[in-house]
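J.: Give me a 3D structure for the following:
(chains A and B)
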Amino acid sequence: MVPEPVPRVAAPPPTAADDPRDRGGRAQPLLIVENLRKHFPIHGGVLGRKNASIKAVDDVSFAVLKGETMGVVGESGCGKSTLARILMGLVPQDQGAIVFDGELVGGERGLSLRELRRNMQIVFQDNDSSLNPRLPVVDSIAYGPRVHGMGRAEARTLARDLLRRVGLDPALFAFRYPHELSGGQKQRVNVARALALNPRLVILDEAVSALDKSIEAQVLNLLRQLKQTLNLTYVFISHDLNVVRCVSDRMLVMYLGQVVELGPTDEIYREPKHPYTQALLESRLAVDPRQRVEAAPLAGDPPNPVDPPSGCRFRTRCPFAEEVCAEKRPALGEASSHVAHIVACHMADPQSGHSRTAPSPQRAAAALVG
Amino acid sequence: MSDTTLPLPRLAAAEEAPRRTRARGYWRTVGRRLRRDHVTLFFVAVIAIIVLAAIFAPLIAPFDPSTTSIANRLKPIGYKGLFILGTDELGRDVLSRLIYGGRISLLMGLLPVGLATCIGGFLGLIAGFAGGWVNTLIMRIMDVFYAFPSVLLAVAISGTMGGGIGVSLVALTLVFIPPLCRVSEAATTQIRSRDFVDAARASGASSLSIVLYHVLRNVLTPVLVYASSLISVAILLAAGLSFLGLGVEPPTADWGLMLSTLRQSIYVQPVICALPGAAIFICSLSFNLVSDGLRQAMDIKA
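T.: Predicted coordinates:
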């Protein structure tokens, strides 16, 4: 007789490490990005010679842990979307390494791009442009699996199942064309399409930014629910700080192609260390009219990424800029662990020679608001 | 605007929608829309009559189109109840010649445009999807052809290559490749920048698969609509070439050639002289209007 299995006292919640697809173990970050760099050349003149380059992504390093949501915030044009496209292999990087679950992407013995794309998918911001107007949505979703060798009927069955998962009745929606759907419905289809290859990591590139607030909340709830049931890890790119706070476990702040601050979301919101992060958080609209901010915490546009300022790139807009900021580029502190809160600012580095090394954030914030 | 409560957001799935369990294909929808368009349907019927007449010409035509008769030269319409549309300067039956001439006109209208659609469309697809220097190379070559007016180009090619039906076909095809290539290239370039192409690439698809599955079906509509509008141009150009003596050789019945030879008799039988022109006009107008209807039917979002 087979003995009855002993019921476990407290079953651990399912985590990414229980995933059969897991290779590197629980402690291995799902995605490690090291010194990623992309400079887009600008050609000019009669001969079309390269005479400058846009520093879209410059020395970006971070890690995404299994099962977490990594928020990426920053102004428009700071390189968030380029970062997403590099990660997906849609834009080749100039330099730097991408390691997926312990395996280097590309190279001879590493993970192939095709294999990476099976594990990593992306949802774009523009829900309309993301769907083929001449295909019923079921075929848009089924396309990925069919590329990877699944039969037509089987792929369609999978697509219908995915439609159900994203809250769209396949009987109603499977054979509709994109122009017959609303924005929220289209974005649900895009989520389903991204999930069709059963990925482990989904990059959400401003995936909810174009939606109405009520629809945005629905889609965010859907994403949260899918993350649990499908064991997903998210990289959540957004300019909406409130949404990022709501969904991310950790976040990184980008400015002009560089990471300026990285750490647990709660910690960054409670105690932002970089003057740029402080200004960003200040710029959120307060619900309480008595806390209204009269002056914009950040004035002007970001500098031209073709010719970024020397040293610290934020110094031209930073209220605490000193000589050292122009001379030396502040390093994004050494991360003691993957959950450390690190910042690229001379004020956080006692050895930098900045007169305000490690000021209290309250003081800094007060000074910013003026 | 004080205390209005927001209505609860409806779930997407709960929205009213026609139940559809089978793909209502794009072409099926286009067909349904065409059937509602009576003007287009009428001209489709006109074209059908011309096509059928051309196919069954030996059965329909009352006379042989090249049998001459010295006694019956330039007779008026309905002469003796036999020559329904009269006779030409060599005594040949004009109706029979018009019916047979339709064969040449349709051939010259459809074949060069069809060939040019395939070649130009393909070149444009490559140029648009590959971009970069491939695009520059293909499109600059097309621009060279653009430098000449199409009539002049067709005349020049036919003239240097010696005339005749085959040469006219080649000349017209060459004339139509550049504009079709340009339309195809523009559509492809526009589609290539859409996110769904990136999404397809992100799911691991090869460029060939993306072009065949995603791009082609989007490019096909504008190219086909444009090509259909060129049929009438091709018919006119072919007639023009024949009129100038660069197209069809004389004994063959052809509308352009008939117009050219009957021209001398315009003071004797003005109505008969105008008949080949009317045939060209009706045929080309029909193709033009059908093309217009097609464009409207294919514009599904409207």
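
J.: Now for whatever residue of the stretch 251-370 of chain A ends up closest to chain B, how many residues are close by?
T.: Using C-beta to the nearest C-beta, the closest approach of the stretch 251-370 of chain A to chain B is made by A:Pro289 at 15.0 Å. All C-beta spots, glycine's among them, are computed from the backbone N, C-alpha and C. Neighbour count for A:Pro289, taken as other C-beta atoms under 10 Å in any protein chain shown: 6.

J.: Now do the helix or strand harbouring B:Ile280: which elements does it pack against?
T.: B:Ile280 is part of helix B:270-298 when elements are defined by DSSP states H and E. Packing partners of helix B:270-298 (3 or more C-beta pairs under 8 Å, 6 or more residues apart in numbering or on different chains; DSSP states H and E): helix B:26-35, helix B:38-55, helix B:94-130, helix B:216-243, helix B:255-262.

J.: residues of it that come out buried?
T.: B:272-273, B:275-277, B:279-280, B:283-284, B:286-295, B:297-298 (16 or more other C-beta atoms under 10 Å in any protein chain shown).

J.: How about residues contacting stretch A:225-233?
T.: A:14, A:16, A:18-19, A:30-31, A:64-70, A:165-166, A:191, A:195, A:198-202, A:234 (C-beta atoms under 8 Å, 6 or more residues apart in numbering or on different chains).

J.: in stretch A:281-293, what counts as buried?
T.: Those would be A:Leu281, A:Glu282, for stretch A:281-293 by 16+ other C-beta under 10 Å.

J.: now that stretch: mean pLDDT?
T.: Across stretch A:281-293, pLDDT averages out at 74.

J.: now do stretch B:115-122
T.: Per-residue scores along stretch B:115-122 average to 94.

J.: Name the residues that touch that stretch?
T.: Residues contacting stretch B:115-122 (C-beta under 8 Å, 6+ apart): B:169, B:172-181, B:184, B:219, B:223-224, B:227, B:230.

J.: For stretch A:34-46, give the mean pLDDT please.
T.: 83.

J.: So which residues make contact with it?
T.: For stretch A:34-46, contacts defined as C-beta under 8 Å, 6+ apart pick out A:49-61, A:79, A:82-83, A:86, A:91, A:93-99, A:306.

J.: Buried members of the residues you listed into ChimeraX, please.
T.: Selection command for ChimeraX covering only the buried members of those, criterion 16+ other C-beta under 10 Å:
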select /A:53,54,55,56,57,58,59,60,61,79,82,83,86,91,93,94,96,97,98,99
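
J.: Mind checking which of the contacts of stretch A:34-46 are in helices?
T.: Residues of these located in helices (DSSP state H): A:Thr82, A:Leu83, A:Ile86.

J.: show me where pLDDT drops low in the chain?
T.: You didn't pick a chain, so chain A it is. Residue ranges of chain A with pLDDT under 70: A:1-18, A:45-48, A:292-296, A:333-338, A:358-370.

J.: my bad, the chain I had in mind was chain B
T.: Looking at chain B by pLDDT under 70, you get B:1-24, B:79, B:300-302.

J.: center of it, which residue is that?
T.: Closest residue to the average C-alpha location of chain B: B:Ile231 at 2.4 Å, with C-alpha atoms, centre = their mean.

J.: For it, list the residues it contacts.
T.: Applying C-beta under 8 Å, 6+ apart, the residues contacting B:Ile231 are B:Gly109, B:Leu110, B:Val113, B:Ser284, B:Phe287, B:Ser291.

J.: surely the third one meets B:Leu230?
T.: Same thing as B:Val113. Yes. Counting by C-beta atoms under 8 Å, B:Val113 touches B:Leu230, with 5.0 Å between them.

J.: okay, and the common contacts of these two?
T.: What both B:Val113 and B:Leu230 touch, as defined by C-beta under 8 Å, 6+ apart, is the set B:Phe176.

J.: tell me which element A:Asp139 falls in.
T.: Assigned by DSSP H and E, A:Asp139 falls in helix A:137-147.

J.: Not counting that helix itself, show me its contacts.
T.: Residues contacting helix A:137-147 (C-beta under 8 Å, 6+ apart): A:121, A:131-132, A:135, A:150, A:152, A:154-156, A:158-160, A:162-163, A:170, A:173-178, A:181, A:189, A:192-193, A:196-197, B:23, B:196, B:200, B:203-205, B:209, B:213-214.

J.: coming back round to it: next, the angle from the helix holding B:Ile280 to helix B:26-35.
T.: 130 degrees (axes from the mean of the first three to the mean of the last three C-alpha atoms, to 10 degrees).

J.: Which parts of the stretch 151-300 of chain A are helices?
T.: With helices called from DSSP state H, counting those that start in this stretch, the stretch 151-300 of chain A shows them at A:152-165, A:170-173, A:183-195, A:213-230, A:241-247, A:265-270, A:275-282.

J.: Among the ones you listed, which comes closest to B:Gly247?
T.: helix A:152-165 (48.6 Å; C-beta to C-beta).

J.: got the angle for that closest one vs helix A:137-147?
T.: Using the same axes, to 10 degrees: helix A:152-165 against helix A:137-147 is 120 degrees.

J.: Tell me how many other residues crowd whichever residue of chain B sits closest to chain A.
T.: Chain B approaches chain A most closely through B:Ser203 (3.5 Å), counting by C-beta to the nearest C-beta. For B:Ser203, the neighbour count with other C-beta under 10 Å is 25.

J.: same question, B:Ala199
T.: When neighbours are defined as other C-beta under 10 Å, B:Ala199 has 28 of them.

J.: Identify the residues contacting it.
T.: Contacts of B:Ala199 by C-beta under 8 Å, 6+ apart are A:Ile122, A:Phe124, A:Ser130, A:Asn190, A:Arg193, A:Ala194.

J.: And the residues you listed, which of them are buried?
T.: By neighbour count, with 16+ other C-beta under 10 Å, the contacts of B:Ala199 hold A:Ile122, A:Phe124, A:Ser130, A:Asn190, A:Arg193, A:Ala194 as buried.

J.: now, which of those sits nearest A:Glu115?
T.: For the buried ones among the contacts of B:Ala199, the nearest to A:Glu115 is A:Ile122 (15.8 Å; C-beta to C-beta).

J.: I'd guess that closest one is in a helix, am I close?
T.: No. Looking at A:Ile122 with DSSP: H, G, I helix; E, B strand; the rest coil, it is strand, so not inside a helix.

J.: Tell me the spacing between the nearest residue to A:Ala196 once chain neighbours are set aside and B:Ala200.
T.: Nearest residue to A:Ala196, sequence neighbours excluded (C-beta to C-beta, 6 or more residues apart in numbering or on different chains): A:Gly144, at 4.5 Å. For A:Gly144, the distance to B:Ala200 (C-beta to C-beta, to the nearest Å) stands at 8 Å.

J.: Which one's more surrounded, those two?
T.: Remark: of A:Gly144 and B:Ala200, A:Gly144 carries more neighbours, 28 against 24, as counted by other C-beta under 10 Å.
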